[in-house]
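Novice: A predicted structure for the sequence below; I have some questions about it.
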4 protein chains.
Amino acid sequence: MHQERFYTLTASCPDQVGIIARVTGFVTGHDGWILESSFHADAVDSRYFMRIEIKAASLPFALDELRRRFAPLAAALRMDWRMTDSARKKRVAILVSTQEHCLYDLLARWQARELNIEIACVISNHDSLRGFVEWHGIAFHHVPVTAENRLEAFATMRRLFDEAQGDTMVLARYMQILPPDLCAAYPGRILNIHHSFLPSFVGAKPYHQAYTRGVKLIGATCHYVTADLDQGPIIEQDVIRIDHSDSVEDMVRYGKDIEKTVLARGLRYHLEDRVLVHGNKTVVFR
Amino acid sequence: MHQERFYTLTASCPDQVGIIARVTGFVTGHDGWILESSFHADAVDSRYFMRIEIKAASLPFALDELRRRFAPLAAALRMDWRMTDSARKKRVAILVSTQEHCLYDLLARWQARELNIEIACVISNHDSLRGFVEWHGIAFHHVPVTAENRLEAFATMRRLFDEAQGDTMVLARYMQILPPDLCAAYPGRILNIHHSFLPSFVGAKPYHQAYTRGVKLIGATCHYVTADLDQGPIIEQDVIRIDHSDSVEDMVRYGKDIEKTVLARGLRYHLEDRVLVHGNKTVVFR
Amino acid sequence: MHQERFYTLTASCPDQVGIIARVTGFVTGHDGWILESSFHADAVDSRYFMRIEIKAASLPFALDELRRRFAPLAAALRMDWRMTDSARKKRVAILVSTQEHCLYDLLARWQARELNIEIACVISNHDSLRGFVEWHGIAFHHVPVTAENRLEAFATMRRLFDEAQGDTMVLARYMQILPPDLCAAYPGRILNIHHSFLPSFVGAKPYHQAYTRGVKLIGATCHYVTADLDQGPIIEQDVIRIDHSDSVEDMVRYGKDIEKTVLARGLRYHLEDRVLVHGNKTVVFR
Amino acid sequence: MHQERFYTLTASCPDQVGIIARVTGFVTGHDGWILESSFHADAVDSRYFMRIEIKAASLPFALDELRRRFAPLAAALRMDWRMTDSARKKRVAILVSTQEHCLYDLLARWQARELNIEIACVISNHDSLRGFVEWHGIAFHHVPVTAENRLEAFATMRRLFDEAQGDTMVLARYMQILPPDLCAAYPGRILNIHHSFLPSFVGAKPYHQAYTRGVKLIGATCHYVTADLDQGPIIEQDVIRIDHSDSVEDMVRYGKDIEKTVLARGLRYHLEDRVLVHGNKTVVFR
């Protein structure tokens, strides 16, 4: 990521002749310096996707004015679009259960300023990671989830997320299924790491399923959460090799290494506005 | 693979104390020189697997006598076992349709003596690759398969395979489903390359399925053919990264590279007696 | 690659505000439909790189006229640029010695129309692959190279390449070092596959060097040939895992699989005008 | 790793007929249950390597007695050998500077009991990670290293390591070069993670070197530290893909992900006695 402040335009619209020229012409018309630009034409759906980083200091006005001036062109092109400011750190809430590998990994990246974020809070259905989180000066909320209090618990979590002004919710091996209304409330803003190479081994105990089928690689998938379990748009995936000598416990252990890496990559793409959702798929401008 | 002649023992048996000592003690008792040895204890099923290469010249007798002398110990250990001779090249029949990439790849390896095999014959439901195959001095059989002649066609193929004294049948992107009786006739001797990372995308058009799901990696799987389509024991798998800009046609093209590599690796493991089937899984002593 | 005919502009120029807007504005001004576009700003050297595919049928004139009209803008932007036509297949000459794996692989891709090329000819310092090449209807030239006839031999090869109207020369495990004048005559048009992960193990017998050092991965590198042995701009690289049980011969065998894949990928990038040389490095718009 | 207590024999000796039979015969003679066994014959050097895990409860005596009884056979076979007890956790000292990614990663694995170790202490030439380390209940020693106090500082570190009864010293991105006498004092017991794919880019600033050379993959190497900088026996390596758009800063960031994974894998192999040094190479029984 660039160190100097920049604005990021992400947009998609019906494909037609001249989109790049009109959008970059608009930017250039205000002396905007384009740091990075990516374009993709989906030929099957005739839809156009773009992501442009504009150096903030090159423009004679601020982001709000840029948005205001861009709006007519966006309307003419029938765009879905947004503009973000690299100086405004996104606020990420992390949901965990008892496994700590993804949490340690995310906090190490946050400490090293590798991820340009603020941690809004950590929410867990267990209390075991409180000390580690609070040592970092981060708010920790223990919200137990039981068969009885389920809806109430998730209403509490939603309130905590909103109060902490969360932008993005990350399920970092959080072992509860979110209720549909929570998924629907934050479309494209909740990321999960699933411990299989989807669409293989949906649902519970994917490593056990992988062991039983005798696959030679196991994987992990970072995807947006939707009401359909493990069916949301895939952002990033990776695999590692196993063999006949690996038990389910070995797979669980090896799997952690790809879970945390795939989650961190997927989250970074999301936070840098590199992911555009297209139906149940994603365009990822890496 | 070792250049000098050797015998390979592959075996599995119920686990108990002393198996390695008894088997290697037997070999040593005849001054047998062990070139390579691999052992695996499956703790879940209490079953023991092994593969041992013995230098032929170190033994005072030939393979038949080695088999005869080993039989009582194998019986005492309740072993499933076999012994093969590296000097006897396995005879491989290759089944293809119209796509040539796996065929070219296998024949290049055969030419370079990278695979220690004889090509028994090539059988195809199309005639288009006849010239290329025959140029290599290999028998080519065109056996068209239609809805009407299906059973007859596969009976012909089975006869051709037997007449050519085939040991192993390789479906190198052969686009017909083998009938159950053919699968049953050669258990653990028919290898297929499936163009997906199984168990994802079983059946027809896996690249289309992958495109629709929006996965970020596509794969290929080499497995033994059983009567259950794409459900046989997996020998080898691999994947390759794709992204949103790749069409189904791009995936087909990239996929070829892993199809041929995965097939060649799986076939080599099979031909070197490195694969032991265990239920619907495999032990692969690489 | 797109099936419909298109023109490809590749260009680099000093970075400044407005390059994309001016170039795409030019295209749009002629109703040109952009199929694919990639841009890269090298911040260290303040240099800008681009690649744009324009649908041929969308323009009211042919490529020559497009070039003529684009020239003033290119001059204003101080561009190094070229435009190619997807309907004109590049003519590739393949140089080989005795190892056949890359040759088989390239011809399989050519047969399958995976590579959009014509094979100008195959040149070898050995005669052993003549039959295979000629069976494909391709001209084969045996040009022995000895200590005595070296310069003469390479002069012959250069004449053969020119007579066959070669665009690109591919060293597909050709085991002779090209003389500096030959390298200089075709800058950015000669590709080599080196059997190591450069810059490790430059020069002869890289697998022996890798064995001696005890590395855990071996690699292959596709690069442009320059007068400095194995020092030219790198186009593509990949690696494969080995371990202590692998002999030099095993490495040679495994290495072939990445050699042919890396060469094919690098060649495809080159042929599709996806590679822009930048000093001794490359920009590759995959 | 197995959950039940076991003893691990690692050994190497001149190759001859009957080694496995004699060693496993010895184990079986005491009713020893072999959980896992690996063998390797180095044909070039005629040397034999082995690693055997024996279930502790299957033996009628303890490890000391096992060692005593095995010694005559080991002597007869002219073995270099050792036996370790899975119940005795190895004590690891971690050396760090200011980068925290490897430290977070190792402590997460220790917390999750993924690594069967005790952390003897953390030593750093900076004080910045003290709080994080001490929060975990681990002793932290700040030992500044300057041009003037170098020898004294390393003498202090050696004393701290010995006082903490350290078995293994891990340089987790520790940015000082150890003096030769320290390397010599703990042969095969000091592990380093180097941020390049050795032997490429030895020494300082490997990512800058990689950027300048224009490689398409960057790597990391875990190796034993010897007096020759970055020349010790390699235990584990891996790479990740980069491209022309990645700056040195991007490489540094991506590189962290393989550094920590490669270090953790190499360390685990070492701690589980899976690594046997052979000259300047390693046998790794994964």
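Specialist: Ah, there it is. Numbering: from 1, shown residues only, chains lettered A, B, ... in the order given.

Novice: where does pLDDT dip in chain A?
Specialist: A:1-2 (pLDDT under 70).

Novice: contact residues of it facing chain B?
Specialist: Those residues of chain A that sit near chain B, judged by Cβ under 8 Å from any Cβ of the partner chain, are A:40, A:42-44, A:49, A:197-201, A:213-217, A:219, A:233-239, A:243-245, A:247, A:278, A:280-284, A:286. Heads up, the C-betas are built off the backbone N, CA and C, glycines and all.

Novice: looking at those, which are in strands?
Specialist: Using DSSP state E, A:40, A:42, A:49, A:217, A:219, A:234-239, A:278, A:281-284 are the members of these that sit in strands.

Novice: residue numbers of chain A in contact with chain C?
Specialist: Residues of chain A lying near chain C (Cβ under 8 Å from any Cβ): A:17-18, A:20-22, A:24-25, A:27-28, A:31-39, A:41, A:58.

Novice: could you pick out the buried ones from the residues you listed?
Specialist: When those are checked for burial by 16 or more other Cβ atoms under 10 Å in any protein chain shown, the buried set is A:17-18, A:20-22, A:24-25, A:27-28, A:32-39, A:41, A:58.

Novice: domains of chain A?
Specialist: What automatic domain parsing lists as the domains of chain A is A:6-85, A:90-284.

Novice: span of the shortest one from start to end?
Specialist: When you say that, I think you mean domain A:6-85. Separation of the first and last residues of domain A:6-85 by Cα to Cα, to the nearest Å is 6 Å.

Novice: next one: whichever residue of the stretch 51-200 of chain A sits closest to chain B from residue B:239, what distance?
Specialist: Using Cβ to the nearest Cβ, the single residue of the stretch 51-200 of chain A nearest to chain B is residue A:200, 4.5 Å away. According to Cβ to Cβ, to the nearest Å, residue A:200 and residue B:239 sit 11 Å apart.

Novice: check residue A:113 too.
Specialist: From residue A:113 to residue B:239 the distance is 32 Å (Cβ to Cβ).

Novice: more crowded one of the two?
Specialist: residue B:239 (23 against 9; other Cβ atoms under 10 Å in any protein chain shown).

Novice: quickly list what the more buried one is bridged to.
Specialist: Each beta-bridge partner of residue B:239 is listed here: residue B:219, as defined by DSSP bridges.

Novice: that one contacts residue B:219, correct?
Specialist: Yes: Residue B:239 sits in contact with residue B:219 when judged by Cβ atoms under 8 Å, with a separation of 4.0 Å.

Novice: identify the contacts common to those two.
Specialist: Where contact means Cβ atoms under 8 Å, 6 or more residues apart in numbering or on different chains, the residues bridging residue B:239 and residue B:219 through contact with each are A:217, B:197, B:258.

Novice: okay, now the first one: neighbour count?
Specialist: Number of residues near residue A:217 (other Cβ under 10 Å) recorded here: 21.

Novice: now the strands for chain A?
Specialist: According to DSSP E, the strands that chain A contains are A:6-14, A:34-42, A:47-55, A:80-85, A:90-96, A:117-124, A:140-142, A:168-171, A:190-194, A:217-224, A:234-241, A:275-278, A:281-284.

Novice: between those, which gets nearest to residue D:67?
Specialist: Using Cβ to Cβ as the criterion, the shortest distance between residue D:67 and the strands of chain A is 35.6 Å, found for strand A:234-241.

Novice: got the angle for the closest one vs strand C:234-241?
Specialist: Taking axes from the mean of the first three to the mean of the last three Cα atoms, to 10 degrees, one finds that strand A:234-241 is oriented at 50 degrees with respect to strand C:234-241.

Novice: just the angle between strand A:234-241 and strand A:190-194, please?
Specialist: Using the same axes, to 10 degrees: strand A:234-241 against strand A:190-194 is 20 degrees.

Novice: ok, and for strand A:234-241, which residues are buried?
Specialist: Residues of strand A:234-241 classed as buried by neighbour count (16+ other Cβ under 10 Å): A:234-239.

Novice: once you drop chain neighbours, what's closest to the residue of chain A most remote from its centre?
Specialist: Within chain A, residue A:245 marks the point farthest from the mean C-alpha position, 34.5 Å out by Cα atoms, centre = their mean. The shortest distance from residue A:245 to any non-neighbouring residue, by Cβ to Cβ, 6 or more residues apart in numbering or on different chains, is to residue B:40 (5.8 Å).
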